[in-house]
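Q: Build the 3D model from these lines:
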Amino acid sequence: PTCSPDFSQLGGGCSDWLSSATRPPRRFCAKACVPGSSEESMLDLFAIFTKGGICLFQHQDALATLNGNPVNDLIKSVLVEGRGGTEAAFTSSVHGVQYRMDNELDIVFAAVYRKSLEKNLTYVAPLLDAVAKAFKARLKALSGPEQWLELDFVTDFARIKATQEDKSRAKENTAPKMRAFEETKKFDSSKAGNLATNKPGELAAVRAEAEAKRKEKEESQKQDDGSGNGSDGDNDNAEAEAESRRRANIAALKSRKAGGTSPRGKKSNPTSPSAKKTKEARVWPLGSNAGSGSAQSLDRSGQGKEASVSEEEIAKLRSYVGQGRGDLQDIAADSADDFEADQDDNDDDDDDSAAASAADKAKGRGVFSIFKNLTGGTVITKEALDPVLEKVRMHLVGKNVAADIAQKLSDSIAEELEGKPKGTFRGITAIVRDSLEKSLTRILSPNRNVDILAEIMQCKARGQPYSVVFCGVNGVGKSTNLSKICYWLLENRLRVLVAACDTFRAGAVEQLRTHERKLNVVYPPEDGRPRVKLYERGYNKDDAEIAATAINFARDERYDVVLVDTAGRMQDNEPLMRSLAKLIRTNNPNLVLFVGEALVGNEAVDQLSKFNQALADHSHSDNPRLIDGIVLTKFDTIDDKVGASISMTYTTGKPIVFVGTGQNYPDLKKLNVKAVVQALLK
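A: Here you go, the predicted model:
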């Protein structure tokens, strides 16, 4: 789709769709849950627009007030980014949106309603289908697309909507009601049921007897409640007596201990030779009870002195100086020639003149090579797409894309292509390949361009430090990649403060101190102020408080950037996720980065979705702060299985800001969308 992301500014008479300043507030009443009630229609908005962004028809309820831009959200999150699928539904903040796409005419039909009323709106799906059928028939009756904007569809829409509401209401009225027990077959097999069946006229008597027993049971419960209230005084007296006995027993026990009397009345003589001596705890040389002297012997950090950096390591570090200045380099586009050759070969295979050599060319080719003979008809059908899309789905899973994401991508391509006219000289294979490439490119292209250097300069002009929080699960490389980003910032003449907020993992502070020491060797202080400094308060402390004091310290000492290192935590650990949400809520950092491995497949979706959900649940805000970007680590270990990048960006809609490609400081790159797409299609 090529529609504009700002739908409220498009032509076709829809510029004031979402303006609710002059409309009365939305009123809810008991009858609002009945479709078609005169007090209020539960369908807030119905819109028909082209994929190019031209509004063809819109109907909005007079009493409806839209919160936000649900149609805008549908366009940006589903149509533009290719996140459609078989569900044909989308959820914004407070609204639900169901939609239909007609690929033959490139038209979208969308119905907007309140999420809280979704269960009562059973007629929305049939309404969309009926409106789409009628609207397409009216359009085809016109001479050309230039007359589409002149089409008057108000009367037809009102008639179709009333018909679907009546059908829904009739269906609800004819819904089967719950039967009484006496009306079921189970009652007939019971003793009372047999008696009533064998003796005509007994059924009414049995039901009356059951009703009398029910009323008698209710009366007895009321009497029990009344008698229970009258016995409160007796209960209070009993509790008071029990409490006095407990206090007396405690006092007696204390007196026996003070007088040296044993529970059996015998006094112990601690000075007698027969008294048992208490066993002294053995002091192990390297144990936890060894004392301060042994603790010093356990110190392996240089006997209290700061460890020095070897000359060989200093020479290696100095060789990195100057490699990270300016913007980061893109990941190299690997095997681009193979991709182009594969594309050309498959295009040639669609030509009948290449049928003789098709078997030879099929060997060693890409994912689409086995579908050379599928050409389809004049209109792309579901039957022609299914075998190709199944192979596409399996190919994406083999590239480490999460299984459900691969399925959604296949469904999105099917929704986009089904019913679309097919070119005369193009096969289904080439069309699906092009659609997949465009879809992957849209997903990987960020909807927010994160320019960290520019944002840092803006904060610096205001006299505020730019703060970045790193979060993620255990062992993904948060501290290591934090040090790489610190190196990159130092290369760009910025002063960096590293906040050690991982107060849980043993050695976390020492790891950051090692990086600080190495970077200070090659980036010496300027004007008596260090270029990089570690801010730490030890272990078992409140990480949110440490981050807050570190940001204040950076403001006072004129540091440009604060990099906040947090403890690794699993996405299901609620106490640690609550702590992370508190840190982000309290300090409101400029950027929240999720650090994830490129090695994971299905786990990437679970991690990101639960991190975002936990941050939203524990934020105590209507507009919670979620993950802003992704740091993809260990990218050098996966060859062409780059599917984790698709899984992460598809789940969050956030960009991949940094890519870790090694263990050294300069091994930090920027995502190359074209290279990743080529690797996925290889």
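
Q: And the strands in the stretch 401-550 of the chain?
A: Remark: strands assigned in the stretch 401-550 of the chain by DSSP state E, counting those that start in this stretch are 466-471, 496-501, 532-535.

Q: so where's this protein shaky on pLDDT?
A: The model of the chain has pLDDT under 70 over residues 1-41, 62-64, 81-87, 93, 174-207, 221-236, 257-278, 281-307, 332-377, 423-425.

Q: Can you tell me the centre-most residue of it?
A: What sits nearest the mean C-alpha location of the chain, by CA atoms, centre = their mean, is S609, with 2.9 Å.

Q: what residues are up against it?
A: Going by CB atoms under 8 Å, 6 or more residues apart in numbering, S609 touches T651. Where you see a C-beta, it was placed from the backbone N, CA and C, and this is true even at glycine.

Q: After the host helix or strand of it, which helix or strand is next?
A: For S609, the element it lies in under DSSP states H and E is helix 602-617. Downstream of helix 602-617, the next assigned helix or strand under DSSP H and E is strand 629-633.

Q: So in that sheet, which strands flank that next one, and in what orientation?
A: As defined by DSSP bridges, the strand partners of strand 629-633 come to strand 591-597 (parallel), strand 656-660 (parallel).

Q: relative to helix 602-617, how tilted is the first one?
A: Strand 591-597 runs at 150 degrees relative to helix 602-617, counting by axes from the mean of the first three to the mean of the last three CA atoms, to 10 degrees.

Q: And for the shortest one?
A: Inter-element angle recorded for strand 656-660 and helix 602-617: 130 degrees (by the same axes, to 10 degrees).

Q: Report how many residues lie close to N590.
A: Look at N590: counted by other CB atoms under 10 Å, it has 19 neighbours.

Q: Any figure for the gap between it and N573?
A: Note on N590: its distance to N573, by CB to CB, to the nearest Å, is 26 Å.

Q: got it, and L317?
A: For L317, the distance to N573 - CB to CB - is 36 Å.

Q: try G528
A: Distance, G528 to N573, by CB to CB: 43 Å.

Q: Can you tell me how far V676 is from S412?
A: To S412, V676 is 18 Å away according to CB to CB.

Q: give me the number of residues near E557?
A: Residues near E557, counting by other CB under 10 Å: 14.

Q: I meant A506, not that one.
A: Neighbourhood size, A506 [other CB under 10 Å]: 8.

Q: about what we covered before: just the strands of the stretch 401-550 of the chain: most buried one?
A: Ranked by mean neighbour count under mean count of other CB atoms under 10 Å, the strands of the stretch 401-550 of the chain are led by strand 496-501, which reaches a mean of 27.

Q: Tell me what angle that one forms with strand 466-471.
A: For strand 496-501 against strand 466-471, the angle by the same axes, to 10 degrees is 40 degrees.

Q: Begin at 25, not 1, for the rest of this chat.
A: Right, with 25 as the first residue, what we last looked at is strand 520-525.

Q: Packing partners of strand 520-525?
A: For strand 520-525, the contact count by 3 or more CB pairs under 8 Å, 6 or more residues apart in numbering; DSSP states H and E identifies helix 502-515, helix 532-546, strand 556-559, helix 567-581, strand 585-590 as packing neighbours.

Q: what distance separates it from the centre of its chain?
A: On the basis of CA atoms, centre = their mean, to the nearest Å, strand 520-525 sits 27 Å off its chain's mean C-alpha point.

Q: Lovely, talk soon.
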